[in-house]
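>>> Just need the structure, nothing else, for what follows:
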Amino acid sequence: MSLLGVDVGTNGCKAIILNTNGEVIARASRSYNLETPRPGWVELDADLVWISIKQSIKEAVNSVPDDPVQTIGVSAMGDTVTACDSNFNPLQNSIVAFDTRNIQDAEIFKKKFGKSGIFQITGQPVHPTYSITKIHWIKRNLPEIFYATDYFLCYEEFITAKLCGNPITSYSTASRTMAFNIHQYCWWEEILDFVDLSPDRLPLLGSSGSKAGLVLPAVAQELGLRKDVIVVVGGHDQPCGALACGLFDDGIVMDSTGTVEVLLLTTKTPMLTQEMLDATICFWPHVVQEEYCACGQILTAGAAFRWYCEQFGMHENDISVFDAMTSGFSPEPANTLFIPHLSGSGTPEFNPAAKGALYGLTLNTDVFEIGKSILEGLCFELKINIELLENTGLLIDTIRAVGGAVKSDKWMQLKADITGKEIQACQLVDQCPQGAAILAGFGIGLFGTLSKSAGFLKSKYQTFSPNRDFTEAYDEKFQKYIKFRSVIFELYDTL
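Modelled structure (predicted):
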């Protein structure tokens, strides 16, 4: 018996198969490209995503014919929304989370319900990243699509529906729409009425790890699965990753670097104070029942890294792209400053109009110094978010790093030197689909409670401690970064 976890990301998907000892016995992945038809527009071809997921599942399943999959869980990015017909066929491309065409729609919701009113019910600060603002944009600009749509789906429930025919989503993903009541665990009818959207055009709701249904016979045959495979309700990718990393202890925060960098910690109750709202900290249900997640975000982290590699010719050859980028780094802080707001800023401002900036170029500046300033800028934003969370009374002792950045020791050391915190680089690869696989195992009774799954994956960590020889220099540069950042922010409304 084995457990299959699927993860749907912005740039690719993964399928991971675990045995009941928590060991990865198969993995497969596919990549796909974002589409940017206009400035500020970011889309995905949902049909291509589904094809990519099927290919990944089939490849993983075929590689372990003697250990058949018994259950499937889905981890997926939130916010991104797809308009579908009654058979879950997309009517247009998905509108991706960091698409900014709907800035005006977010302002409409702010005026109608108030920033505090929305935050107190949904746990989300008003922002165009959330699904309901994108649905409202579709209604205003593409009414023929809006009224022809049977289901507006995020990717967790879109893939679940494709697998088992049941469009059901977790509370963790539902809350990323900004249309979910995190106290009553139901859709917020008042905001749906404002959009002229009935709840039956949204997914059904269920607890992570509950049963969604059996895989459809035609899908099972196509993917090489048995017909009795159970699909369980999965979760939003960040809580799934936190589950895989055993994020249950106070004082430990998960730093997940993907396209977006998310600083996530868990709480027993949502702290919906004015202080949290002013800091634009969002709260939403964890995949673990009766727990919540809180997070700060850097909207273009891995995306900024990818942009640098594409523009400056850093590609995989005989060494990793991380090693290629960092091979010429000076041990001292770079002389340049980089603001990594290439698709708006994250917390605390959440300004979709924010732009990236590079300062300090001279004739001596080379590609490596620019590269280091990009990583430094991302680490400075991380430090801003840590201080933000600590200033609200949340305890942070240790940062548990996951995602692509852990492949680079130099990036990890920069995080430690700039934040002044111990960094535990989790050697667990692909934590989000493994978290989804844990949920799948929970759904068939493999674990009595999700908290008892903490040691299931036997994760190992490499620790990076702050190098005091550089911490002081980075503290000084951080103050320069904050000053430069404030000057740049003043320009956003004038350029």
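
>>> For the stretch 1-150 of the chain, which segments are assigned as strands?
2-8, 12-19, 24-31, 43-44, 69-76, 82-84, 94-95 (DSSP state E, counting those that start in this stretch).

>>> Could I get the ones you listed in TSV, plus columns for distance to residue 107?
C-beta coordinates here come from the backbone N, C-alpha and C atoms, glycine included. Shown next, in TSV, are those (distance: least, CB to CB, whole Å):
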stretch	distance to residue 107
strand 2-8	29
strand 12-19	33
strand 24-31	35
strand 43-44	22
strand 69-76	28
strand 82-84	22
strand 94-95	17
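
>>> Residue 213 is nearest to which of those?
Residue 213 lies closest, by CB to CB, to one member of the strands of the stretch 1-150 of the chain: strand 69-76, at 10.5 Å.

>>> Partner strands of the closest one, with direction?
Under the criterion DSSP bridges, strand 69-76 sits next to strand 2-8 (parallel), strand 230-232 (parallel), strand 235-236 (parallel) in its sheet.

>>> one step back: just say which of the strands of the stretch 1-150 of the chain is most tucked in.
Greatest average neighbour count among those goes to strand 69-76 (a mean of 30), per mean count of other CB atoms under 10 Å.

>>> the inter-axis angle of that one versus strand 24-31?
40 degrees (axes from the mean of the first three to the mean of the last three CA atoms, to 10 degrees).

>>> Output strand 69-76 as PDB - backbone C-alpha positions only.
The C-alpha trace of strand 69-76 is given here as PDB (Å, rounded to 0.1, in the frame of the first residue of the first chain):
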ATOM      1  CA  VAL A  69      -1.500   3.500  -4.600                       C
ATOM      2  CA  GLN A  70      -4.400   3.300  -2.200                       C
ATOM      3  CA  THR A  71      -5.200   7.000  -1.700                       C
ATOM      4  CA  ILE A  72      -4.500  10.400  -3.200                       C
ATOM      5  CA  GLY A  73      -4.200  13.900  -1.600                       C
ATOM      6  CA  VAL A  74      -3.800  17.200  -3.500                       C
ATOM      7  CA  SER A  75      -1.800  20.200  -2.400                       C
ATOM      8  CA  ALA A  76      -2.200  23.300  -4.500                       C
END
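
>>> tell me the mean pLDDT over that strand?
Averaged over strand 69-76, pLDDT sits at 98.

>>> and that strand with strand 12-19, angle?
150 degrees.

>>> give me the number of residues near the nearest residue to residue 383 once chain neighbours are set aside?
Spatially, and ignoring its direct neighbours in sequence, residue 383 is nearest to residue 419 (5.0 Å; CB to CB, 6 or more residues apart in numbering). The local packing of residue 419 (other CB atoms under 10 Å) involves 24 other residues.

>>> Next up, phi/psi of residue 419, please.
Note on residue 419: backbone dihedrals following degrees, to the nearest 10 are phi -80, psi -20.

>>> what ranges do the strands span in the stretch 351-495 of the chain?
357-359, 396-403, 422-426, 461-464.

>>> Minimum distance to residue 211: which of these has it?
Comparing the strands of the stretch 351-495 of the chain by CB to CB, strand 396-403 comes nearest, at 28.0 Å.

>>> Can you give me the buried ones in the closest one?
Of the residues in strand 396-403, 396, 399-403 count as buried by neighbour count, 16 or more other CB atoms under 10 Å.

>>> Using the three-state scheme, assign the nearest residue to residue 396 once chain neighbours are set aside.
In this structure, residue 396 finds its nearest non-sequential neighbour in residue 253, 5.1 Å apart by CB to CB, 6+ apart. Here residue 253 is strand, with the state taken from DSSP: H, G, I helix; E, B strand; the rest coil.

>>> and residue 253, what are its bridge partners?
Applying DSSP bridges to residue 253, the residues it is bridged with are residue 399.

>>> quick one: contacts for it?
263-265, 386, 389, 396, 398-400 (CB atoms under 8 Å, 6 or more residues apart in numbering).

>>> can I assume residue 120 is in contact with residue 272?
Yes - using CB atoms under 8 Å, residue 120 makes contact with residue 272 at a distance of 5.5 Å.

>>> Tell me which of the two has more neighbours.
residue 272 (18 against 15).

>>> could you measure the residue sitting furthest away from the middle of the chain against residue 369, distance?
When each C-alpha in the chain is compared with the mean C-alpha position (CA atoms, centre = their mean), residue 363 comes out farthest, at 38.1 Å. Taking CB to CB, to the nearest Å as the measure, residue 363 falls 12 Å from residue 369.

>>> Spit out the residues that contact the two alike.
Contacts common to residue 363 and residue 369, judged by CB under 8 Å, 6+ apart, are absent.

>>> Show me how this structure divides into domains.
The chain breaks down into these domains under automatic domain parsing: 2-239, 246-427+465-495.

>>> and residue 436, which of those is closest to it?
domain 2-239 (3.6 Å).

>>> how far is that closest one from where the chain is centred?
12 Å (CA atoms, centre = their mean, to the nearest Å).

>>> Likewise for stretch 469-487?
Counting by CA atoms, centre = their mean, stretch 469-487 comes out at 27 Å from the chain centroid.

>>> quick one: buried residues of that stretch?
470, 474, 477-478, 481, 484-485.

>>> Residue 88: which of the residues you listed is nearest?
For the buried residues of stretch 469-487, the nearest to residue 88 is residue 485 (43.3 Å; CB to CB).

>>> picking that back up, which of the strands of the stretch 1-150 of the chain sits closest to residue 182?
Using CB to CB, these put strand 69-76 closest to residue 182, at 18.8 Å.

>>> which ones are touching residue 141?
So residue 141 contacts nothing (CB under 8 Å, 6+ apart).
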